[in-house]
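# Could you work out the structure for the sequence below:
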Amino acid sequence: MRRRPNVPVLAGLVLMAALATGCAIPTQSAPSTMAPSKVPFDLLNPHPPSTTTTTQPKPSSYVAVQVFFLDTSDALTAVQRFVAAPAPLAAVLSALLEGPSSSDPAGTSTAIPSNVRVLSVTTQTGIVTVNMNAAFGAITGNSIEEAVGQIVATVVTEEGATTGVLFEINGQRTSVPIANGSQVSGPVYLIDFL
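Below is the predicted model:
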């Protein structure tokens, strides 16, 4: 006696084969173009939606700047530092206030105590006003002249040789000494320390 195939089982196998074939991922040997009408919603939008994701600066987004310390004979000497781009002048001066590092030449020092901070920096045509905290006003003796020279040299390197620097302590204008020992309440220039 001949066996008849079970029709429901056979139909089920044919249906499963058809479904499996329909789920296969099509392949092609080269990319092809798709009509804009077939592209999913908003993928062609030239202005993607905004998000709340923030990105941190990349380590490669730092720039080299020059800050001025004192060498073994207390003369101004330039040292390279790296500051996050675009390196505003306040950030450059903050790098100066961090003081010498172990990678600087032997004998490099600073006349600026570690508790001195830059509160703000403003720039107008040819004049930069540097507002420091009260610790800056506590510097005495030759150290204040050297500290002023370090700041002026650092500012001038960033802003240009003819830039003058005004000093403030907690927002109040203060006079500072220059190389000849006199006190100046107006802008001081790099030539005053040469």
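# Relative to Arg173, how far out is Leu76?
In this structure, Leu76 and Arg173 are 24 Å apart, going by Cβ to Cβ, to the nearest Å. Using the backbone N, CA and C atoms, a C-beta is placed for each residue, glycine as well.
# Compare these two and say which one has the larger neighbour count.
Set side by side, Leu76 and Arg173 show unequal neighbour counts under other Cβ atoms under 10 Å, the larger going to Leu76 at 17 against 12.
# Tell me who's in contact with that one.
Under the criterion of Cβ atoms under 8 Å, 6 or more residues apart in numbering, the contact partners of Leu76 comprise 68-70, 149-150, 153, 193.
# how about 6 Å then?
68, 149, 153 (Cβ atoms under 6 Å, 6 or more residues apart in numbering).
# go on, Leu96?
By Cβ under 6 Å, 6+ apart, the contact set of Leu96 is 67, 154.
# does it count as helix, strand or coil?
Secondary structure for Leu96, judged by DSSP: H, G, I helix; E, B strand; the rest coil, is helix.
# In the chain, mark out all the helices, start to finish.
Under the criterion DSSP state H, helices of the chain are mapped to 7-22, 89-97, 134-137, 142-159.
# For those helices, which has the smallest mean pLDDT value?
Considering these one by one, the lowest average pLDDT is found for helix 7-22, at a mean of 53.
# Quick one, grab the pLDDT at Ser120.
For Ser120, the pLDDT comes out at 96.
# Quick check: it touching Asn131?
Yes: with contact taken as Cβ atoms under 6 Å, Ser120 and Asn131 are classed as touching, separated by 4.4 Å.
# For Ala78, give me its contacts.
The neighbourhood of Ala78, defined by Cβ under 6 Å, 6+ apart, consists of 66, 68.
# Roughly how far does it sit from Pro100?
Look at Ala78 and Pro100: by Cβ to Cβ, they are 12 Å apart.
# Over to Val176?
In this structure, Val176 and Pro100 are separated by 22 Å, where distance is defined by Cβ to Cβ.
# Report the contact partners of the closest residue to Ile139 other than its chain neighbours.
Nearest non-adjacent residue to Ile139, counting by Cβ to Cβ, 6 or more residues apart in numbering: Ala147, 5.3 Å away. Applying Cβ under 6 Å, 6+ apart, one finds that Ala147 lies in contact with 111-112, 139.
# so which of the residues you listed is the most crowded?
Within those, Ile112 tops the neighbour count with 25 neighbours, counted by other Cβ under 10 Å.
# Per-residue pLDDT of that one, please?
Residue-level confidence at Ile112 comes out at 97, pLDDT.
# now swap in Pro59 and tell me
According to the per-residue confidence, Pro59 scores 51 in pLDDT.
# hang on, Thr110 packs against Gly99?
Yes: contact between Thr110 and Gly99 holds when scored by Cβ under 6 Å: they sit 5.0 Å apart.
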